[in-house]
Each structure stands twice: as structure tokens, then as C-alpha cells.
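Engineer: Pasted the sequence and its predicted model underneath.
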Amino acid sequence: MSQSRHPDARIEELTAKKAQLDAQIAALDARRRLAQKKDEDRLKWLLGTLVFDRLSAEPALQSIVRRDLPDRLTQRDRDRGLWQILFPDTQEDRS
């Protein structure tokens, strides 16, 4: 009779191990995704800093930003107000 229960016990043991492995895989995957997100955020910050620092000295870059940035700004007052920080000499009204 113990032999007929043995396969059931082994199935339960393996199922428990599988659940542990699935949890470990999920945790590692979450850590990997978080690290990727941090890397992407850092890259965006570095790129943004480069563009911001070069903006006044590069007329071509300034033209691109003037053309494309307004489409990325939201309707929130704070986002719209950022335009005046970059280009204080212009009135940007694309509402």
C-alpha cells in the first residue's frame, strides 16, 4: 500500500519544488527588469542632460527641440511652463 502512495508523495514533492523554482525565476526576472528600467532611466537622464547643456550652443539642436518638444508636453501647466525655461524669449501657445 505504501508503494501506491509513493508516486503521489513524489508528485507533491516535485510540485512544491516547481513552485519554489517558479517563485525564484519570477524574483530574478523582476530584478532583471528593474535593473533594465534603472539603466534606461539613467540613459535618458544622461541624454537629456547632454541635450540641455548643448541647447544654447547648437542652433540645429535648438531647432529640433523647438519643433518636436511641444508635441511631447502635456496640457498640465507645469509641463507647459517648462517651455519658458528652455526658450524664455518666445511665447509658446499650442493649446
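Structural biologist: Yep, that arrived. Numbering: from 1, shown residues only.

Engineer: Now do the helix or strand containing Ala23: distance to the chain's middle.
Structural biologist: Using DSSP states H and E, Ala23 maps to helix 2-54. Computed by Cα atoms, centre = their mean, to the nearest Å, the chain-centroid distance of helix 2-54 equals 17 Å.

Engineer: The residue positioned nearest the centre of the chain and Arg31, how far apart?
Structural biologist: The centroid of the chain falls nearest to Lys37 when counting by Cα atoms, centre = their mean (4.6 Å). Going from Lys37 to Arg31 by Cβ to Cβ, to the nearest Å gives 11 Å. Just so you know, the C-beta spots here come from the backbone N, C-alpha and C atoms, and that holds for glycine as well.

Engineer: Equivalent analysis for Glu40, please.
Structural biologist: 15 Å.

Engineer: Low-confidence regions, this protein specifically.
Structural biologist: Scanning the chain with the threshold set as pLDDT under 70 gives 1-5, 90-95.

Engineer: try 80 this time
Structural biologist: By pLDDT under 80, the weakly predicted segments of the chain are 1-5, 72-81, 89-95.

Engineer: got the domain boundaries for this structure?
Structural biologist: Using automatic domain parsing, the domain ranges for the chain come out as 1-40, 55-95.

Engineer: what about those, which gets the closest to Leu46?
Structural biologist: Smallest distance to Leu46 across those (Cβ to Cβ): 10.6 Å, for domain 1-40.
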